[in-house]
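Student: what shape does this take:
(chains A and B)
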Amino acid sequence: MKSQHSLNLRPISPKLEPSYAPVWKRLGKWGGFAMLALIYFPLLWLILLSISQNPLGGIPGSFSLEHYRALFSNSAWHKPMLASLAIGVLVGLVCAVAATIIGRALPTLNSPGRVLFMFVVPLFVPGMSMGAALFILARAVLNLKLGFWSVALGHFVWAFPFALLIVLVVTVRFDHRLVEAGRDLGASNWRVFWDIEFPILMPGIVSAALFGFLMSFNEVMRSIFLRGTAETMPVWSWIQAAAQQSQVPIIFSLASLVLLVTLPLLCGVFWLLFARVGRS
Amino acid sequence: MSEMQQTAGASGTATVGRQGFLRALAGRLADMNFAVTVILSTWFVLVIVPIVVLFAFSFFTTVQFRTVYEPTLDTWIGLFSSGRWEVTLRTLRIALTVTVIELLIAFPFALWLAKGCRSGTVQAVCLAMLTIPFFLDMSSRTIVWRAILGQSGLVNTMLLGTGLVDTPVEWLLYSEVAVHFGMVVSLFPPMVMPIYLAINLIDDTLLEASNDLGASPWQTLSRIIIPLSLPGVMAGVVFCLGPALAAWVEPGMLGGGFVNLISNSIESAYSALRYPVVAALSAFVILLLLLLLAAMYLIARRFGDPSSVSVFRG
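Tutor: Numbers count the residues shown, from 1 in each chain, chains lettered A, B, ... in the order given. The predicted structure follows:
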């Protein structure tokens, strides 16, 4: 590859050519596409297996909604589901509010880099280590009784960096002359925020809330350490899958349902972020 | 923000001077420095303190399910003496292999996505598809591989059907291969995203200038793109290596108990109430990550563009 291209100096191309050889370009492209396919294929397979008679056989076939019926007649998953939803909503709201406050303040700080680094530290700490660290502080040092509150705290620590980064996308681009104009025209601080800043920052804030909710809703590593005896949805599925094979069809159906709700929600967030923010 | 909720709740019950109170509240909220300080200190307690405590706790020991608060190196020595050393080496080997494979696939893809892809829609869809997996449940995604790679799964059925093999291939599931495979699939997005962001920041005019001055594509790649994207590559390696070192879902579901990693040791120490061991193992994972990062930083400083590395540090 190398010799072929360094031998003949190419004429100056009018349009910028990607500066690497075509074969590598195609390899890179299709390698990535293959990985994306490997990421999304199991999701498709999950849904197919959830509507087939014998999901453990491995091949979907003789489709039926039998497992969904079994799922709805089984009420064991209701409580973990409600707990996950409640924790997710709480984490999402707290993330959105806190990320808005920090996201607005961060660009005006003296050393934004250091503060930002402190907030994104959990991204660099593996989930298991972070869960263990919070567990040891709460259980072994402070001797607290673990439960939903500690799970929610663990989820907040995990979700907040993402929420903050998303809000920063909109606050960094925010034109502060708008605020000055509002002040000059006699608006109070609160009115400036509510009437000028908030509508502009809204896509980022809503996305932060939704991302916070989804990160919390699907979190399992930290929950395992911080749950005490409480059960969230992913933890329940995990325990069922690990303990008894007979429950797996129900988990497939449940996971498919969650997926069918989550995917449109995520697409909505991306539409909000890219289409709305991109245009403004 | 809990204060905000409280005051908002209080304002609901107060009937007299509500307007004045709301105005005072608005003034307080406008003075965001207060709220920033509160959140920053909460964050310090929730993130930095636990990590410090984790390291401190690893120097204690347990005697008969009770933690002895006396600084000693026993727990750390235990990590390197017993069978755990083998587990540590295996974890390190698998994590590094997975990271190298990711890098080999992710870098060309990120390069294509950032500079080679002409269609904005394709780019946006790819980015969205790379981000979505962050928010999906790991365990349900991983458990499906059992149904695909298992003895009567999709792959074996296809292999048997085409007559390529006579008996089901057994090493596809519950083996190190399966664990590698599961990790490569799930850690691909965290590797691509930072590299993509770094390459995307490279000014097109630099590549154009390089081309105009007669550099071969290979020279442009090695002298401009790779040095300038090193911060992104390092971030990608951290985001891939960290979860790989602490991987738990993949060895649990695809290893089938045959592939024990550090996370399994942490879990068994956790259920045996040996908290100092939990702390030491978790701290060890963080230390390994820091060590590998430091090594990469030195390599990057040696070969890369110094200004781009300082951006990463600052």
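
Student: OK, contacts around the residue of the stretch 151-300 of chain B at minimum distance from chain A?
Tutor: Checking the stretch 151-300 of chain B residue by residue against chain A with CB to the nearest CB singles out residue B:246 as nearest, at 3.3 Å. All C-beta atoms are positioned from the backbone trio N, CA, C, and that covers glycine. Going by CB atoms under 8 Å, 6 or more residues apart in numbering or on different chains, residue B:246 touches A:126-129, A:221, B:262-263, B:285.

Student: among those, which one sits closest to residue A:157?
Tutor: residue A:127 (10.1 Å; CB to CB).

Student: please name the nearest non-neighbouring residue to the closest one.
Tutor: By the measure of CB to CB, 6 or more residues apart in numbering or on different chains, the closest residue to residue A:127 outside its immediate chain neighbours is residue A:221, 3.7 Å from it.

Student: would you confirm that the one you found contacts residue A:134?
Tutor: No - with contact defined as CB atoms under 8 Å, residue A:221 does not reach residue A:134; the gap is 11.5 Å.

Student: where in the stretch 1-150 of chain B is pLDDT low?
Tutor: Low-confidence segments of the stretch 1-150 of chain B, defined by pLDDT under 70: B:1-32, B:64-65, B:82.

Student: over to the stretch 101-250 of chain A?
Tutor: Low-confidence segments of the stretch 101-250 of chain A (pLDDT under 70): A:244-246.

Student: could you tell me how far stretch B:233-249 lies from the centre of the chain?
Tutor: Stretch B:233-249 sits 4 Å away from the centroid of its parent chain (CA atoms, centre = their mean, to the nearest Å).

Student: repeat that for stretch B:148-157.
Tutor: Stretch B:148-157 has its average C-alpha position 29 Å from the chain's average C-alpha position, going by CA atoms, centre = their mean.

Student: is that stretch anywhere near chain A?
Tutor: Yes - figure legend: stretch B:148-157 in contact with chain A (CB under 8 Å from any CB of the partner chain); contacting residues B:148, B:150, B:152-154, B:156-157.

Student: helices of chain A, residue ranges please.
Tutor: Per DSSP state H, chain A carries helices over the ranges A:2-7, A:22-50, A:66-73, A:78-105, A:112-124, A:127-135, A:148-172, A:177-184, A:189-191, A:198-217, A:221-226, A:233-243, A:248-270, A:277-279.

Student: just the buried positions in the fifth one, please.
Tutor: It stands for helix A:112-124. For helix A:112-124, the buried set under the neighbour-count rule, 16 or more other CB atoms under 10 Å in any protein chain shown, comprises A:115-116, A:119, A:122-124.

Student: please report phi then psi for residue B:100.
Tutor: Geometry field for residue B:100 lists phi and psi as phi -60, psi -40, criterion degrees, to the nearest 10.

Student: now it: how far from chain A?
Tutor: Residue B:100 sits 14 Å away from chain A when distances are taken as CB to the nearest CB, to the nearest Å.

Student: burial of that residue, as a residue count?
Tutor: Using other CB atoms under 10 Å in any protein chain shown as the criterion, residue B:100 is surrounded by 12 other residues.

Student: how about residue B:165?
Tutor: By other CB under 10 Å, 10 other residues sit near residue B:165.

Student: can you check residue B:158 too?
Tutor: For residue B:158, the number of neighbouring residues by other CB under 10 Å comes to 11.

Student: is the helix or strand containing residue B:77 positioned near chain A?
Tutor: Assigned by DSSP states H and E, residue B:77 belongs to helix B:74-81. No - shown here: helix B:74-81 not in contact with chain A (CB under 8 Å from any CB), separated by at least 12.7 Å.

Student: buried set for that helix?
Tutor: Of the residues in helix B:74-81, those buried under the neighbour-count criterion (16+ other CB under 10 Å) are B:74-76, B:78-79.

Student: may I ask which two of those are separated the most?
Tutor: Within the buried residues of helix B:74-81, B:74 and B:79 form the most distant pair, 10.0 Å apart (CB to CB).

Student: around chain B, which positions in the stretch 151-280 of chain A sit nearby?
Tutor: Applying CB under 8 Å from any CB, we find that the stretch 151-280 of chain A lies next to chain B at A:153, A:156-157, A:160, A:162, A:188-190, A:193, A:211, A:214-215, A:218, A:220-221, A:224-225, A:234, A:237-238, A:241-242, A:248, A:251-252, A:255, A:258-259, A:262-263, A:266-267, A:270, A:274.

Student: which of those residues count as buried?
Tutor: A:153, A:156-157, A:160, A:162, A:189-190, A:193, A:211, A:214-215, A:218, A:220-221, A:224-225, A:234, A:237-238, A:241, A:248, A:251-252, A:255, A:258-259, A:262, A:266, A:270.

Student: if we can go back for a sec, give the contact list for the residue nearest to residue A:127.
Tutor: For residue A:221, counting by CB under 8 Å, 6+ apart, the contacting residues are A:127-128, A:131, B:246, B:248-249.

Student: residue B:180 against residue B:95, yeah?
Tutor: No - Residue B:180 lies out of contact with residue B:95 (CB under 8 Å); the separation is 10.1 Å.

Student: pull the CA atoms of stretch A:243-260 into PDB?
Tutor: Listed next in PDB are the C-alpha coordinates belonging to stretch A:243-260 (Å, rounded to 0.1, in the frame of the first residue of the first chain):
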ATOM      1  CA  ALA A 243     -30.700 -18.600  39.000                       C
ATOM      2  CA  GLN A 244     -33.200 -20.400  36.900                       C
ATOM      3  CA  GLN A 245     -33.200 -21.100  33.200                       C
ATOM      4  CA  SER A 246     -37.000 -21.500  33.100                       C
ATOM      5  CA  GLN A 247     -37.500 -17.800  33.700                       C
ATOM      6  CA  VAL A 248     -35.400 -16.800  30.700                       C
ATOM      7  CA  PRO A 249     -38.300 -16.700  28.200                       C
ATOM      8  CA  ILE A 250     -40.100 -14.200  30.400                       C
ATOM      9  CA  ILE A 251     -37.000 -12.100  30.700                       C
ATOM     10  CA  PHE A 252     -36.700 -12.100  26.900                       C
ATOM     11  CA  SER A 253     -40.200 -10.700  26.600                       C
ATOM     12  CA  LEU A 254     -39.600  -8.100  29.300                       C
ATOM     13  CA  ALA A 255     -36.400  -7.000  27.800                       C
ATOM     14  CA  SER A 256     -38.000  -6.700  24.400                       C
ATOM     15  CA  LEU A 257     -40.800  -4.600  25.800                       C
ATOM     16  CA  VAL A 258     -38.300  -2.300  27.600                       C
ATOM     17  CA  LEU A 259     -36.300  -2.100  24.300                       C
ATOM     18  CA  LEU A 260     -39.400  -1.200  22.300                       C
END
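
Student: noted, bye for now.
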